[in-house]
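Participant: sharing a model that was predicted from the sequence below.
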Amino acid sequence: MHREALIVELDGGQHAGQKNYDTKREEFLSTKGYRALRFWNFDVLTNMEGVIRTVLRELNRGEPPSP
């Protein structure tokens, strides 16, 4: 069984003020072998197809996504 360690996060406005926390959290998760993809709530609500395409592309790449 092949398993991906991809975390998909949906961010609301509160994340605009906590970039430092989010960066440190992603660095920690990376040390545990996880990759994180972040999307703004607005993007998910207005462009779900694009979000899904991005997630699928990253799963197929198998390497850390660029920030």
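Facilitator: Thanks, I have the structure now.

Participant: what helix or strand is the spatially most central residue of the chain on?
Facilitator: Closest to where the C-alpha atoms of the chain average out (C-alpha atoms, centre = their mean) is Leu37, at 1.1 Å. Using DSSP states H and E, the element containing Leu37 is strand 35-40.

Participant: again with Arg25
Facilitator: Arg25 is part of helix 19-31, with elements assigned from DSSP H and E.

Participant: what packs against that helix?
Facilitator: strand 35-40 (3 or more C-beta pairs under 8 Å, 6 or more residues apart in numbering; DSSP states H and E). Yep, even glycine has a C-beta here, placed from its N, CA and C like the rest.

Participant: so for the strand it packs on, what gets flagged as buried?
Facilitator: Neighbour counts over strand 35-40 (16 or more other C-beta atoms under 10 Å) mark 35-37, 39-40 as buried.

Participant: kindly indicate which of these lies nearest Asn47.
Facilitator: Phe39 (9.0 Å; C-beta to C-beta).

Participant: list the buried residues for the helix holding Arg25?
Facilitator: By 16+ other C-beta under 10 Å, the buried positions in helix 19-31 come out as Glu26.

Participant: pLDDT of it, averaged?
Facilitator: In this model, helix 19-31 carries a mean pLDDT of 90.

Participant: still on that earlier bit, which ones are touching the residue nearest to the centre of the chain?
Facilitator: Listed by C-beta atoms under 8 Å, 6 or more residues apart in numbering, the contact set of Leu37 reads 6-9, 54-55, 58, 65.

Participant: so which of the buried residues of strand 35-40 is the closest to Glu26?
Facilitator: Using C-beta to C-beta, Ala36 is the member of the buried residues of strand 35-40 that lies nearest Glu26, at 4.9 Å.
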